[in-house]
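Peer 1: got a structure for you, letters missing:
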């Protein structure tokens, strides 16, 4: 089985090879490959998917893999015994699961692009498929990274690829601006991430995720006095670990579009719809949450860091959802939905629900990819009109798209028995139980998460009813463009997964009946001892949580959550499932304007940039020019002046040099004579 793991780098290299092929075609300027170079991308992602499945089967058999592939820098570092910077591969249950998710979604996106991009009559398709290949390879490299610095490198590559693909239509005014915004906002978070990486390496002397000499293990040992680490600023170990964890969290907040760095994601809808599906379901936005899950053992030693994660996630889940209820464009609603759903995952991680967060990451990947690709199918049919108020009546004209989209919507809204119901309710259950165990901050997060449930159901089915139900409101909706198999096929696959993926972790059923049907829990409890669920439960800062009435808590919690979801669905049905709907949110008046303009977040961020950051930058520039450069220039002027004077005696005439030597010797003799007389 070790031989199979030796081929793990091929999972990353196959999409990278498709990137190189597409770049070669793009540079040649010739139509060398059919469909703009889509076939190499499909073949590469299919190969990566099959190899990922094989690796997952090997992991299911109890095999794991943690090996260094290449050492690219090393040497002694003050305060450490020695630091070696490496690229390596870590395959355990979490990374194997994520590999399958990323490669499957990437494969379906490549296939879907055959219909979407060619239907659009795009130019520059080799550039598009090159971007998809590099995007996929970068995310896969991030997933298999065995250390934090390697993860950071691929984390940045993912950001670069999102910039390139969001701005694919660079000749239009919107996409380049959206791409720059995404790049800059996430760079702001990544600055803190980079400082966090340096802090981890300086503190522990390693950035390894797994093994007896990994930094999460060292952190645990340091808290028990079993390992000496370097702390700074005069802080204790736990406080310093909290600071380091929050620094890394800056990158997570940026990439996973959490408050307050979520403003880039709605604008990213300027990119092609298949790119949106890949960004939201399996790559860019998923990277942040996966990183927290990957280094969860480190975060678990800091209750403060976990509390911040939970609070940010719970607030973001509700905050983003409220903006989704007034949007008019199909993809805009889905964008705010993504921000909200990743908020749920962050809430779960902060509440100690490692399995629940991973579960929702899995189910969300399927139903959100489905919803974006379904939106792409509708956009094709509507001749690239995304306004839901110009749609209506598409249910009978696009049955495959409608029923698959409906499955994704039911999963997103958390309606029983679709996948989202099981994963979302497990998050709320974990948060409630740990909150009742004496963690009031988690109870606040639980309230945020619970309030987001009816909001999610409302905006989801407002979208469904406006798009597919009622009368056709435009000529485009009355005679939509047909879509091909390459569009319907991925929708059918994802529709099945959105409906049935919840069976991998029926935790409430286990609580109520005792049956071992929480398969994902068992899956994540295997592998390296320090990365298992069992180990995380041992170091869980919420281990003293509420115990008792577990079955009642499950039933009541699920009933309340489902009831709120049905309430939101019913309200959307009443308002929008009519032949000719009207915009009822207009009755909200100034509140609607506030929501539609995203709480004026772009405006206050521009204000901060212009009124705070820019003056500070100018002040720093003035200080640099007048003080720092002034000191440097003064030093150089002294050197220049003295040099120019001394240069005059360098005449090249030997007799002059002899005279100078004689004069110098005479001066020295006189000085020594005077000094000797004075001493005597």
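Peer 2: Structure's in. What do you need? Quantities reported herein were computed from a predicted structural model and do not represent experimental measurements.
Peer 1: give me the distance between the strand of greatest length in the chain and the centre of its chain.
Peer 2: If you go by DSSP state E, the chain has its longest strand at strand 65-75. Relative to its chain's centre, strand 65-75 lies at 25 Å (Cα atoms, centre = their mean, to the nearest Å).
Peer 1: average pLDDT across that strand?
Peer 2: Averaged across strand 65-75, pLDDT comes to 83.
Peer 1: list the contacts of the helix or strand just after that strand.
Peer 2: Tracing the chain C-terminally past strand 65-75 and defining elements by DSSP states H and E, one meets strand 83-91 next. With contact meaning Cβ atoms under 8 Å, 6 or more residues apart in numbering, strand 83-91 is reached by 5, 8-9, 55, 59, 64-77, 99, 144-147, 149-150, 201, 205-206, 209-210. Yep, even glycine has a C-beta here, placed from its N, CA and C like the rest.
Peer 1: distance from the chain centre to strand 83-91, please.
Peer 2: Centroid separation for strand 83-91 versus its chain: 21 Å, with Cα atoms, centre = their mean.
Peer 1: in it, what's buried?
Peer 2: If you call a residue buried by 16 or more other Cβ atoms under 10 Å, then strand 83-91 has these buried ones: 83, 86, 87, 88, 89, 90, 91.
Peer 1: quick check, nearest of those to residue 379?
Peer 2: Relative to residue 379, the closest of the buried residues of strand 83-91 is residue 91; by Cβ to Cβ it sits at 37.6 Å.
Peer 1: next helix or strand past whichever helix or strand residue 321 is part of?
Peer 2: Assigned by DSSP H and E, residue 321 falls within helix 303-324. Going down the chain from helix 303-324, the next helix or strand is helix 330-350, by DSSP H and E.
Peer 1: residues of the longest strand of the chain that come out buried?
Peer 2: Under the neighbour-count criterion of 16+ other Cβ under 10 Å, strand 65-75 has 65, 66 buried.
Peer 1: what's that strand packed up against?
Peer 2: helix 2-5, strand 83-91 (3 or more Cβ pairs under 8 Å, 6 or more residues apart in numbering; DSSP states H and E).
Peer 1: rerun that using 6 Å as the cut-off
Peer 2: strand 83-91 (3 or more Cβ pairs under 6 Å, 6 or more residues apart in numbering; DSSP states H and E).
Peer 1: between the helix or strand that the strand it packs on is followed by and strand 65-75, how big is the angle?
Peer 2: Following strand 83-91 in sequence order, the next helix or strand is helix 93-119 (DSSP H and E). Orientation check (axes from the mean of the first three to the mean of the last three Cα atoms, to 10 degrees): helix 93-119 against strand 65-75 gives 90 degrees.
Peer 1: name the residues of helix 93-119 that are buried.
Peer 2: Within helix 93-119, the residues scored as buried using 16+ other Cβ under 10 Å are 93-117, 119.
Peer 1: coming back round to it: got the angle for the longest strand of the chain vs strand 83-91?
Peer 2: Interaxial angle of strand 65-75 relative to strand 83-91 (the same axes, to 10 degrees): 160 degrees.
Peer 1: before we move on, the earlier item: quick one: which of the buried residues of strand 83-91 is nearest to residue 665?
Peer 2: For these, the closest approach to residue 665 (Cβ to Cβ) belongs to residue 83, at 55.9 Å.
Peer 1: quick one: that closest one from residue 215, how far?
Peer 2: Residue 83 sits 12 Å away from residue 215, going by Cβ to Cβ, to the nearest Å.
Peer 1: do the same with residue 586
Peer 2: In this view, residue 586 and residue 215 are 53 Å apart by Cβ to Cβ.
Peer 1: what does residue 39 give?
Peer 2: When residue 39 is compared with residue 215 (using Cβ to Cβ), they lie 43 Å apart.
Peer 1: which of those two has more neighbours?
Peer 2: Each of residue 39 and residue 215 has its neighbours counted (other Cβ atoms under 10 Å); residue 215 has more, 26 against 16.
Peer 1: just give the nearest non-adjacent residue to that one, would you?
Peer 2: Spatial nearest neighbour of residue 215, excluding adjacent residues (Cβ to Cβ, 6 or more residues apart in numbering): residue 204 at 4.1 Å.
Peer 1: contact partners for the one you found?
Peer 2: Counting by Cβ atoms under 6 Å, 6 or more residues apart in numbering, residue 204 touches 215, 218, 229.
Peer 1: ok, residues contacting the host helix or strand of the second one?
Peer 2: Yep, that's residue 218 we're talking about. Assigned by DSSP H and E, residue 218 belongs to helix 215-223. Helix 215-223 is contacted from outside by 200, 204, 206, 227, 229, 237, 241, 297, 298, 301, 530, using Cβ under 6 Å, 6+ apart.
Peer 1: next one: stretch 327-335
Peer 2: By Cβ under 6 Å, 6+ apart, the residues outside stretch 327-335 that reach it are 265-266, 269, 324, 371-372, 375, 386-389, 459, 463.
Peer 1: what about that stretch, average pLDDT?
Peer 2: Per-residue scores along stretch 327-335 average to 95.
Peer 1: gap between residue 27 and residue 37?
Peer 2: Going from residue 27 to residue 37 by Cβ to Cβ gives 12 Å.
Peer 1: residues in contact with residue 15?
Peer 2: Shown in contact with residue 15 (Cβ under 6 Å, 6+ apart): 44, 48, 133, 136, 137.
Peer 1: let's see that with 10 Å instead.
Peer 2: Each residue near residue 15 by Cβ atoms under 10 Å, 6 or more residues apart in numbering is listed here: 40-41, 44-45, 47-48, 102-103, 106, 110, 132-141.
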